[in-house]
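1. starting from these lines, generate the structure:
(chains A and B, ligands or ions: 2)
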Amino acid sequence: MTSVLDRRLGVAPQVSVRPERFGALLYHFGTRRLSFLKDPRLLEVLERLDGSATARAACDGAGVAEAALPAFERALARLVETDMLQERRP
Amino acid sequence: MSVATPLVEHFAAGLEAPICLTWELTYACNLDCRHCLSSSGRRDPRELDTDEAKELINEFERMQVFYVNIGGGEPTIRSDFWEIVDYAVAHHVGVKFSTNGSRITAEAAERIAGSDYLDVQISLDGATPEVNDAVRGEGTFATAIGAMEHMAAAGVRGFKLSVVCTRHNLPQIDDLKALADRYGAQLRLTRLRPSGRGAAVWGELHPTAGQQQMLYTWLLAHGEEVLTGDSFFHLAGYGEPLPGLNLCGAGRVVCLIDPVGDVYACPFAIHEEFLAGNVRDPGGFGRLWREADLFRSLREPTDAGACGACSAYDGCRGGCMAAKFFTGLPLAGPDPECVKGHGATALAAVEAGSVPRPTADHSRVRLLPRRPARACDESPLAPSDFATTVST
Ligand code: SF4
Ligand code: SF4
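-> Ligands and ions are numbered 1, 2, ... in the order given. All right, here's what the predicted structure looks like:
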C-alpha cells in the first residue's frame, strides 16, 4: 500500500481548523469529531497540503526532519482514517 | 515533539475558545423536571434579545467556536429560536440543541434533516413512562417518543437520545439503548449532578455504588457507540480510564453562557463562586474566556488534596468540581461518588446547613424539586497521541 506521504491530500471541506498554542484543533461537522494536533508543525503541514503535490512535499516544506517523518506519517494516516483529510483532485 | 505532554497541560495555558460551550437561551420551560440543573421554569426579563444573541454568535465566529450546545430552559420556546439557529449555522457555528421534544414537530424534524450543522438531543430519563415521568413529569415520555418518531420519519440519523443516569433508570440501560437504536438515534448517557433543583433530589436519585460499577462495565463494553460527554471519568478508579479527557474541564474546555449573559465555568456550576462575568461587560465573551480571573485560576494545576495518595488519581482526578461543591465537600478531595468509598465518608462529615445553594433559581414553584441535567456534554478526547480524535 502506498504511504499516506505519497498521496495528494487536503483538509476536507467540512472541517474547520483552529490554531492553538499547542498546535491546532480540527472539527468535522459531518462526523462531529474533534482532533487535537499536538504539534504546531503538523498544522503547518496541513496548511501546506493544498499547495503541495504530495503530503511528503508538504512535510518537507514545513521543515519536518527525516527522523520525525514516521510520526507525521502516522498522524496524517490517522487524520485520513477519520476523514479530516481527504484525497484532493488534481 | 510534544507527544509526551499530557493534553491537560496544554489546557493550562487556555484554549483560544472553549470546546464545550453551553449556551442556555432561556430559563423558561414548559416542564418542571425534578433534577433540572439550571432550576428553570420562568423566563428572566433580562434575557439576551435577538440582536444580542446574534452579536454573540458573531463573536463565536471570530473566536472559531466550532459549535455551541444550546439548552435552557426549553430553548425552542423562544419565538426567535430558529432565527438564532439559522444565524449561527450561516456563520459557521454548529448547533447542538437539547430539547424535551415538545416542539419537535414533523416540520421541525424536516428542517433538522436538512443541515449537517444541526444536531439534536432529546431528553428522556427512563425507558418506560413510569420511570421517566416520575422525574420529568406526566406525559413527557410520550412527548419525547413523538419527537423521535418525527426525527426518524424525516430521515435524521444519529440524533441523540440523552439520558441522565439515575438509580431508577440504570436498571433499564439496555432498554434505553434499544430505544435509541429503534429510532436510529445514538444513546448519550450523562451523570446526575447535585446542581440546580438536582441538589434536592440527588441523594434520592443518584446511582448506588453497585450501579456505578455496572455502568462502568457497560460503558467499557459499548465503547464509542455510546456518548457520555466525558461525564463519568470519576469511574476510572474501577480500572482503566474510560475514553475521554479525564479531567474536569470547567473553565478550561467547558463553560456556560446563561440566558442573561452570565458566564459560568460550567453548566453545572451556576453559583456566584463560578461566575466569571457577563457577556455584556466590555470586551464581551472573548475577553472573559481569555482573561477572567476565575478562568485563569481554574487553568492552574489542581490541588489533589485527600486524593493525592489514591492510585486512581490519574484517571479520576478527584471527580467533578460541581458535584463536590453542591454537596458541601472540599474541592480538593474526593468526589461524593468516589468509587473507593471516600465520598460517603466525606459526606457524612458535612455540617448540616453548610451546603451552598445555587444562586439563580427560576423555578416556577419555589419548592426545590424538578429538569434534566444535560451534560458537560461534549466531551473531547483521549490523551497522549500526537493527533488525537474524539467523538463529540
Ligand atoms: S467535571 Fe463537573 S464541574 Fe467539571 S466540567 Fe464536568 S460537570 Fe463541570
Ligand atoms: S479518592 Fe479521589 S482520586 Fe481516588 S477514586 Fe476517590 S475521588 Fe477518585
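2. close to ligand 1: what parts of chain B are there?
-> B:248-250, B:254, B:266, B:268-269, B:320-322, B:376 (C-beta under 6 Å from any ligand atom). No exception for glycine: its C-beta is placed from N, CA and C like everyone else's.
3. quick one: those as a markdown table, columns for secondary structure and distance to ligand 2 too.
-> Formatted as a markdown table, those follow (DSSP: H, G, I helix; E, B strand; the rest coil; distance: C-beta to the nearest ligand atom, whole Å):
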| residue | secondary structure | distance to ligand 2 |
| --- | --- | --- |
| B:248 | coil | 11 |
| B:249 | coil | 16 |
| B:250 | strand | 16 |
| B:254 | strand | 19 |
| B:266 | coil | 18 |
| B:268 | coil | 17 |
| B:269 | coil | 18 |
| B:320 | coil | 9 |
| B:321 | helix | 12 |
| B:322 | helix | 14 |
| B:376 | coil | 17 |
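4. which of these are buried? Put it as a ChimeraX command.
-> Of the residues of chain B next to ligand 1, the buried ones can be selected in ChimeraX as follows, counting by 16 or more other C-beta atoms under 10 Å in any protein chain shown:
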select /B:248,249,250,254,266,268,269,320,321,322,376
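5. which of the residues of chain B next to ligand 1 scores worst on pLDDT?
-> Lowest pLDDT among those: residue B:376, with 39.
6. state whether residue B:68 is indeed within a strand.
-> Yes. With DSSP: H, G, I helix; E, B strand; the rest coil as the criterion, residue B:68 is part of a strand.
7. now do the contacts for it.
-> B:21-23, B:60, B:88, B:93-96 (C-beta atoms under 8 Å, 6 or more residues apart in numbering or on different chains).
8. report pLDDT for it.
-> On pLDDT, residue B:68 comes in at 97.
9. distance of it relative to residue A:56?
-> For residue B:68, the distance to residue A:56 equals 38 Å [C-beta to C-beta, to the nearest Å].
10. phi, psi of residue B:97?
-> Backbone torsions for residue B:97, taken as degrees, to the nearest 10, come to phi -120, psi 150.
11. state the distance from residue B:208 to residue B:32.
-> Taking C-beta to C-beta, one finds residue B:208 at 26 Å from residue B:32.
12. the more surrounded of these two?
-> Between residue B:208 and residue B:32, counted using other C-beta atoms under 10 Å in any protein chain shown, residue B:32 has the larger neighbour count: 18 against 11.
13. for chain A, what helix or strand is lowest in average pLDDT?
-> In chain A, no helix or strand scores lower on mean pLDDT, DSSP states H and E than strand A:33-37, which sits at a mean of 91.
14. who does that one pair up with?
-> strand A:23-28 (antiparallel), strand B:387-391 (antiparallel) (DSSP bridges).
15. those: lowest mean pLDDT?
-> strand B:387-391 (a mean of 65).
16. residue A:76 contacts residue A:45, correct?
-> Yes. Using C-beta atoms under 8 Å, residue A:76 is in contact with residue A:45, at 7.4 Å.
17. can you pull the residues that touch both of these two?
-> residue A:55.
18. so residue B:32 makes contact with residue B:41?
-> Yes. Judged on C-beta under 8 Å, residue B:32 makes contact with residue B:41 at a distance of 6.1 Å.
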